[in-house]
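Peer 1: I would like the atomic coordinates for the input below:
(one chain, ligands or ions: 1)
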Amino acid sequence: MTKRVFNFNPGPAVLPLEVLEKAQSELLDFKGTGMSVMEISHRSKEFEAVIQTAEADLRELLGIPANYKIMFLQGGASLQFAMLPMNLRAAGASADYIVTGTWSKTAIKEAQKLGTARAAANTEKEGFNCLPEKLDLDPKATYLHFTSNETIHGVEFTDEPVAPAGVPLVCDTSSDFISRPVDISKYALIYAGAQKNAGPAGVTVVIARDDMLERTPANLPVMLDYKALAASGSLHNTPPAFAIYMVGLVFQWAKKLGGLAEIQKTNRKKADAIYNAIDQSGGFYRGHAMPEARSVMNIPFRLPSEELEDTFAKEAKKNDLIGLKGHRSVGGIRASIYNAMTVEGAEALVQFMKEFQKKNG
Ligand code: PMP
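Peer 2: Below you'll find the predicted structure:
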């Protein structure tokens, strides 16, 4: 039998077994073509069906209104840090950023290389362990950007921040994409690298309201131009065909589970089990994020010493609990429990935490 572990990696991350098996079954002969998806033309009718179905399924899952375009792009969420101001911010205009962790800090830095971007809040002084208490919003901002889930610090917004009237809301949702229902109509644009909740690395999903596409300046290189990329149906050039096929399979799997409300319930259950283990450990485990800012996707926590953290990660690995070492910038332990992590996996981690504390507490 093939060995599968409980994979707590932050991204690339665990994929649903069912999706991997489906891809495996279609690998050598995709829909009677005698070729894999990686070998067919991206202009073929078979691939057209792949990308159109992926788009339609995502539209249904997230309830994306007709006046939004969906793009499947390359360059990761990191390229979106640059594309966003290039497309949406007019020359001389300023954009607002809510800085709640490493990723929003990186996003604002990239935006500042190309023009003006100001922090409407910055929780770095608090060690990025909370959501901002108040926002200093520019009513003339060209957009307001936030990161719905900070993958490294484990801080997640439960509700969208409210932008001043007329200021478009933009979100990096890379690490909590399709993990819960969201009201897309509150957003002007959202983007997400696929490699956490949606599929393999190599494709980034961008969902943009039509009026945002009208902001693109005429002189942008085409590969950075939302308007042109949307108009081509993500087929201006050769797209990351296999990655798009895989996210399509993940969207179908998510629909089969009953959609995002059902997925949210399961995610909540997994997160509650782990946070309870932290809270009931009498201080042996200490969560990084303040309780009201706790992420349902990424749970960073500390142990009494770095030595114990090291031992924890190593022993967990021996028990087939993989990928628990925290990000090098914050240390400690981090459990990433994306959609495809099973309840069984979360429970196995909780069990391991309890036993580890008994032995070492
Ligand atoms: N934003 C967030 C919230 C992330 O977690 C990451 C990657 N971990 C990025 C952006 C950067 O994504 P990519 O590696 O796809 O460029």
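
Peer 1: who touches the residue in the chain that the ligand sits nearest to in this structure?
Peer 2: Per CB to the nearest ligand atom, Gly76 is where the chain lies closest to the ligand, at 2.6 Å. Where you see a C-beta, it was placed from the backbone N, CA and C, and this is true even at glycine. Shown in contact with Gly76 (CB atoms under 8 Å, 6 or more residues apart in numbering): 193, 201, 204.

Peer 1: If we use 10 Å, what do you get?
Peer 2: By CB atoms under 10 Å, 6 or more residues apart in numbering, the contact list for Gly76 reads 174, 191, 193-195, 201-204.

Peer 1: Show the overlap between those and what lies near the ligand.
Peer 2: For the ligand, the contacts drawn from the contacts of Gly76 by CB under 6 Å from any ligand atom are 174, 193.

Peer 1: Filter the contacts of Gly76 down to the ones in strands?
Peer 2: Counting by DSSP state E, the contacts of Gly76 place 191, 193, 204 in strands.

Peer 1: Local confidence estimate at the second one?
Peer 2: According to the per-residue confidence, Gly193 scores 98 in pLDDT.

Peer 1: So in terms of bridging, what pairs with it?
Peer 2: Gly193 forms beta bridges with Thr204, as assigned by DSSP bridges.

Peer 1: Residues of the stretch 151-300 of the chain that sit close to the ligand?
Peer 2: Checking the stretch 151-300 of the chain against the ligand by CB under 6 Å from any ligand atom, the hits are 151, 172, 174-175, 193.

Peer 1: go again using 8 Å as the cut-off
Peer 2: Residues of the stretch 151-300 of the chain found near the ligand (CB under 8 Å from any ligand atom) are 151-152, 172-175, 193-196, 201, 204.

Peer 1: The spatially closest residue to His288 that is not a sequence neighbour - how many residues pack around it?
Peer 2: Excluding the flanking residues, the one nearest His288 by CB to CB, 6 or more residues apart in numbering is Pro300, at 4.2 Å. Around Pro300 there are 26 other residues, counting by other CB atoms under 10 Å.

Peer 1: Might one say that Pro300 is in contact with Asn129?
Peer 2: Yes. Under the criterion of CB atoms under 10 Å, Pro300 makes contact with Asn129 at 9.3 Å.

Peer 1: just checking, what packs against the helix or strand where Gln357 lies?
Peer 2: Following DSSP states H and E, one finds Gln357 within helix 343-360. Applying 3 or more CB pairs under 10 Å, 6 or more residues apart in numbering; DSSP states H and E, one finds that helix 343-360 makes contact with strand 6-7, helix 260-279, strand 298-302, helix 306-318, strand 321-322, strand 333-336.

Peer 1: count of neighbours near Gly34?
Peer 2: Gly34: 10 neighbours (other CB under 10 Å).

Peer 1: Assign a three-state SS to it, would you?
Peer 2: coil (DSSP: H, G, I helix; E, B strand; the rest coil).

Peer 1: measure it to Glu26 for me?
Peer 2: Separation of Gly34 from Glu26 (CB to CB, to the nearest Å): 12 Å.

Peer 1: Next: Leu79.
Peer 2: 29 Å.

Peer 1: Then Glu48?
Peer 2: Separation of Glu48 from Glu26 (CB to CB): 16 Å.

Peer 1: Just give the nearest non-adjacent residue to Gln264, would you?
Peer 2: Take Gln264 and drop its neighbours on the chain: the residue closest to it by CB to CB, 6+ apart is Arg180, 4.0 Å away.

Peer 1: Read off the pLDDT value for the one you found.
Peer 2: Listed pLDDT for Arg180 reads 98.

Peer 1: Would you state the helices of this structure in chain order?
Peer 2: Applying DSSP state H to the chain gives helices spanning 17-26, 45-62, 76-88, 102-114, 210-213, 226-231, 241-256, 260-279, 306-318, 343-360.

Peer 1: Reformat the ones you listed into JSON lines and put mean pLDDT next to each item.
Peer 2: Supplementary listing: these in JSON lines, determined by pLDDT from 0 to 100:
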{"stretch": "helix 17-26", "mean pLDDT": "98"}
{"stretch": "helix 45-62", "mean pLDDT": "98"}
{"stretch": "helix 76-88", "mean pLDDT": "98"}
{"stretch": "helix 102-114", "mean pLDDT": "97"}
{"stretch": "helix 210-213", "mean pLDDT": "98"}
{"stretch": "helix 226-231", "mean pLDDT": "98"}
{"stretch": "helix 241-256", "mean pLDDT": "98"}
{"stretch": "helix 260-279", "mean pLDDT": "98"}
{"stretch": "helix 306-318", "mean pLDDT": "97"}
{"stretch": "helix 343-360", "mean pLDDT": "98"}
